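Trainee: Predicted structure and sequence below. I'll ask about it afterward.
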Amino acid sequence: MSRTILEQMACTCGCGFGAQHEHVDTSLLSLLTWLEAELGRRLAINSGCRCTEQNARVGGSPNSAHQRGRAADVGVENDRERAMLVEAAVKWGCRRIEHGAFYVHVDVDHTLPQPWHGFNFRSLETRARLR
């Protein structure tokens, strides 16, 4: 059985940060819930909330939105999934997006630079069409 978004948002070190609604930004929960509905599938959150210690362990930015419950790295298996997730996040209005080989980072932290996209939309769209 798939875990809920909130269950997946808990810090992976086991400290408990992110395991309750008050730890996770409501806009982020809204975005993730909307993405599930828009894509028609459950999301796999690779990294949600992070305590300071866990953020340092994984090499996160000292000012990471993950530490404030405002970011999630959503797992993807291929370029097509990545492109679909990015397109949906942009459609929702997410202005802070980055991607790696197996994840798309989305965050709703309005205290950080806006917009912030750690990729080139055109190359991502082209790769997705080739699959």
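Mentor: Now that the structure is in, tell me what you want to look at. Numbers count the residues shown, from 1 in each chain.
Trainee: what sits against F17?
Mentor: By C-beta atoms under 8 Å, 6 or more residues apart in numbering, the contact set of F17 is A10, C11, H23, C49, R50, C51, G69. No exception for glycine: its C-beta is placed from N, CA and C like everyone else's.
Trainee: Would you list the phi and psi of the third one?
Mentor: Reported as degrees, to the nearest 10, the phi and psi values for H23 are phi -90, psi -20.
Trainee: In terms of pLDDT, where does the closest residue to it other than its chain neighbours sit?
Mentor: Closest residue to H23 in three dimensions, ignoring its sequence neighbours and counting by C-beta to C-beta, 6 or more residues apart in numbering: G69, at 4.9 Å. At G69, the predicted lDDT confidence score is 97.
Trainee: of the contacts of F17, closest to R57?
Mentor: Nearest to R57, judged by C-beta to C-beta, of these is R50 at 8.7 Å.
Trainee: Can you get me a residue count around the closest residue to the closest one other than its chain neighbours?
Mentor: Beyond its immediate neighbours in the sequence, the residue positioned closest to R50 (C-beta to C-beta, 6+ apart) is H66, lying 4.2 Å away. Each residue near H66 was counted by other C-beta atoms under 10 Å, and the total is 26.
Trainee: With that, I have no additional questions.
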